[in-house]
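>>> okay, here's the prediction I keep looking at, along with the sequence it came from:
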Amino acid sequence: MVPVVAFAESAEQAYQKARDAYYALQNSSRKQMYREQWERVFDKFESVHERFPENKRGADALYMCGKTVTGLYGISRIKPDAERAVELFEEMADTYPDSSLSDDALFHAGEMLEEILADRQRAYLVFQRLVSALPRGDMHNKASARLKALAEYAPQPKQAPVEAVVAKSETSSSVVESVTQGSSVSNQLTSIRHWSNPGYTRIVIDVTGETQFSTNYLAPEPAKNIPPRLYVDIERTGLDEKLPEITIVDDGLLRRIRTGTPQDGTVRVVLDLQSIGDYKVFPLVDPWRIVIDIAGDKSPELKQNEATISALPESGNDDIAKVLKETPKTPPVLHIRKAPETGVLRRIVVDAGHGGKDPGAVGPSGVLEKNVTLKLAKELARELTRQIGCEVILTRSTDVYLPLEERTAIANKVGADLFISLHANANKSRKAFGIETYYLNFSKNDKAAAVAARENGTSLKQVSDLELILFDLMANAKINESSRLAAEIQKSLVYSISKKYSNIRDLGVRQGPFYVLLGATMPSVLVETAFISHPREEKRLISSAYQKSAAQAIAAAIKEYAVSNKLIASR
Ligand SMILES: [Zn+2]
């Protein structure tokens, strides 16, 4: 028998394991896309720090906790991650003032405060602390230089920038005037639109041109009865005078929207929240606008309820929330409105791609995608009513322009059970042809990314930025259901159309980051019914026979999907 001897792992061994995991993650851009991978590395370092607090490696591990969350922020780009990294670095410097890494920790904290969180006053204080408390550190000179550059942010008796704006926008009407006098204004904030959905709220800020903006989250202060707040500062922008200073929303997530000008040339949009699970802020182009999606927090009694739209992925994210202390200690009272009951297919939203000033793709003989999709949508609506008998709502029934974010918002608003966006494909090569169906996810290949870029009206670079946004927002998406629905539609389209037409190519089900599907809370797909850029398929797309065949096939697929998911009773 082999004697059982429990060798306690040494601090050094445990630290090396955590470090190996850290470098493995640094070397895998694929793994980096997943929050739980960062959590895993974080947990390893945290455990070293907790088990060996007195050891030098305990100090190193806490420093690496800060580095890991900094890396996570690099992917997620959500402010709570950056704030947490700052906290960890500060905690490290507080706990281990004698460690050779504590000045590096403070320097990173100051750097993040200055460059990412744009909190220059706090950055100043951190650099000041580094310079005065750790004069022998190798970061001393760099910190001194930063301190000099930030001199104007040296603390003054009055600060608390947000509260200042809050007070200003609530008490004074001279806010607008001060902006118009500013010389640095090059854009106007013209309107703020918002849509309330079960479990999440979307706010869109319309600005006349591209601008820099920064986002900040302020945690709730239950003792002072201050709710969580989110604010966006938009640079070189003025406020339209007609815009209300306060808009009451009160939808269970968002209490109200306020606007103000913290300084000349900067507009601040403050969201007073009722509860928050996660949020994402991203720009859309043509026209330029800033989208804020706020997902709700889940109250414990709603956790088992499948019908409730979840804001966070099931188990993993709850853990990181705990670890990263993102969950407020006393969760606010929630009034999440229940999502439509599952088990019935009652309402389908059919989206005719493009419209109005956005023609979509243009065929070789001049056929416009927006006209093809509208006819197809109307045909599909008829077929769905005939075959399933459910309610069908079109996002547009005429040739009008509709921003992408509004299309999903409509589907969410009417409590749709499915969202089907109809399109015609295009390629620089006139030889490309076939049928493909998409659902929202990371694009697996360059072709899918190119289709997403075209449908989004963005560049490929912006598509890769969008994938970083997806990283967080996909928690809301019904990915599995969407992929099943896409598979049914693709199969049915290829099968039925091949019976009547020759040269039908099955390009399969694909995934990509489509703006139009982003934020949909129901299974949603985008169908590329044929290539408008291919002369043969362009001709087919405008024929009512082809449109009818395609609509019949899509409707049959939806019926099949509904039956197999027991959403309707019979075939
Ligand atoms: Zn399209």
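Ah, there it is.
>>> contacts only, for K491.
Listed by C-beta atoms under 8 Å, 6 or more residues apart in numbering, the contact partners of K491 are A557. C-beta here means a position set from N, CA and C on the backbone, and glycine is covered the same way.
>>> helices and strands of the chain: which one bottoms out on pLDDT?
Within the chain, confidence by mean pLDDT, DSSP states H and E is lowest for helix 315-323 among all helices and strands, at a mean of 29.
>>> what lies in contact with the next helix or strand after it?
The helix or strand immediately downstream of helix 315-323 is strand 347-352, counting by DSSP states H and E. With C-beta under 8 Å, 6+ apart as the test, strand 347-352 has contacts from 340, 370, 373-374, 376-378, 380-381, 384, 388, 390-396, 407, 410-411, 414-422, 516, 558.
>>> ends of stretch 130-138, how far apart?
11 Å (C-alpha to C-alpha, to the nearest Å).
>>> just the pLDDT at the residue in the stretch 301-450 of the chain that the ion sits nearest to, thanks.
Residue nearest to the ion within the stretch 301-450 of the chain (C-beta to the ion): H423, separated by 3.4 Å. H423 carries a pLDDT value of 98.
>>> grab the nearest non-local neighbour of it.
G353 (4.2 Å; C-beta to C-beta, 6 or more residues apart in numbering).
>>> helices of the stretch 1-150 of the chain, start to end?
11-26, 35-51, 56-76, 79-95, 102-115, 120-133, 140-149 (DSSP state H, counting those that start in this stretch).
>>> so which of the ones you listed gets nearest the ion?
Among those, if distance is taken as C-beta to the ion, the winner is helix 56-76, at 29.0 Å.
>>> low-confidence stretches in the chain?
1-8, 156-183, 198, 297-343, 468-477, 569-571 (pLDDT under 70).
>>> around the ion, pick out the residues from it.
Neighbours of the ion within the chain, by C-beta under 5 Å from the ion: G353, G360, H423, E455.
>>> parallel or antiparallel, which strands does the helix or strand encompassing the third one pair with?
Assigning secondary structure by DSSP H and E places H423 in strand 418-425. The partner list of strand 418-425 in its sheet, established with DSSP bridges, is strand 347-352 (parallel), strand 524-531 (parallel).
>>> narrow the contacts of strand 347-352 to those in strands?
E391, V392, I393, L394, L418, F419, I420, S421, L422 (DSSP state E).
>>> now those residues as CSV including neighbour count and distance to R40?
CSV is the format used below for those (neighbours: other C-beta atoms under 10 Å; distance: C-beta to C-beta, whole Å):
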residue, neighbour count, distance to R40
E391, 16, 45
V392, 22, 45
I393, 17, 43
L394, 17, 46
L418, 27, 36
F419, 28, 34
I420, 27, 38
S421, 27, 36
L422, 26, 41
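>>> quick one: H140 and L130 touch, right?
Yes: if you go by C-beta atoms under 8 Å, H140 and L130 touch, sitting 7.3 Å apart.
>>> circling back to that earlier point, include mean neighbour count when you put the helices of the stretch 1-150 of the chain into CSV, please.
Converted to CSV, the helices of the stretch 1-150 of the chain look like this (neighbours: other C-beta atoms under 10 Å):
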stretch, mean neighbour count
helix 11-26, 17
helix 35-51, 21
helix 56-76, 23
helix 79-95, 22
helix 102-115, 23
helix 120-133, 20
helix 140-149, 16
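>>> next up, phi/psi of N55, please.
phi -80, psi 150 (degrees, to the nearest 10).
>>> tell me how many other residues crowd it.
N55 is flanked by 17 other residues according to other C-beta atoms under 10 Å.
>>> thought it was touching A11?
Yes: if you go by C-beta under 8 Å, N55 and A11 touch, sitting 4.1 Å apart.
>>> what comes up buried for stretch 455-469?
By neighbour count on 16 or more other C-beta atoms under 10 Å, the buried set for stretch 455-469 is E455, N456, T458, Q462, V463, D465, L466, E467, L468, I469.
>>> could you work out the most separated pair of these?
E455 and L468 (18.5 Å; C-beta to C-beta).
>>> right, and the ion sits closest to which residue of the stretch 1-150 of the chain?
M33 (26.3 Å).
>>> so that residue sits right up against F442, yeah?
Yes: using C-beta under 8 Å, M33 makes contact with F442 at a distance of 6.9 Å.
>>> common neighbours of these two, please.
E467.
>>> find the nearest non-adjacent residue to Q188, please.
Per C-beta to C-beta, 6+ apart, closest to Q188 is T208, 4.7 Å.
>>> what about the one you found, how many residues nearby?
That count, for T208 with other C-beta under 10 Å as the rule, works out to 15.
>>> can you start the count at 728 instead of 1 from here on
Okay, residue one is now 728; in that scheme the one you just asked about reads as T935.
>>> surely it and T917 touch.
Yes: here T935 lies in contact with T917, judged by C-beta under 8 Å, at a distance of 6.2 Å.
>>> could the strands paired with strand 1145-1152 be laid out in CSV, adding mean neighbour count and distance to S911?
What follows is the strands paired with strand 1145-1152, written out as CSV (neighbours: other C-beta atoms under 10 Å; distance: least, C-beta to C-beta, whole Å):
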stretch, mean neighbour count, distance to S911
strand 1074-1079, 26, 40
strand 1251-1258, 28, 41
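>>> to E766, which of those strands lies closest?
Per C-beta to C-beta, nearest to E766 of the strands paired with strand 1145-1152: strand 1251-1258, 28.3 Å.
>>> what do H867 and L857 both touch?
D830.
>>> ok, now how distant is K1084 from A878?
Here the distance between K1084 and A878 works out to 49 Å (C-beta to C-beta, to the nearest Å).
>>> oh sorry, the question was meant for S911
21 Å.
>>> likewise A788?
Distance from A788 to A878, by C-beta to C-beta: 35 Å.
>>> check F772 too.
36 Å.
>>> surely V996 is within a strand?
Yes: using DSSP: H, G, I helix; E, B strand; the rest coil, the secondary structure at V996 is a strand.
>>> ok, now which ones touch the closest residue to it other than its chain neighbours?
Leaving aside its chain neighbours, V996 sits nearest to V959 (4.9 Å; criterion: C-beta to C-beta, 6+ apart). Applying C-beta under 8 Å, 6+ apart to V959 gives the contacts I932, F940, S941, T942, N943, R995, V996, V1008, I1017, I1019.
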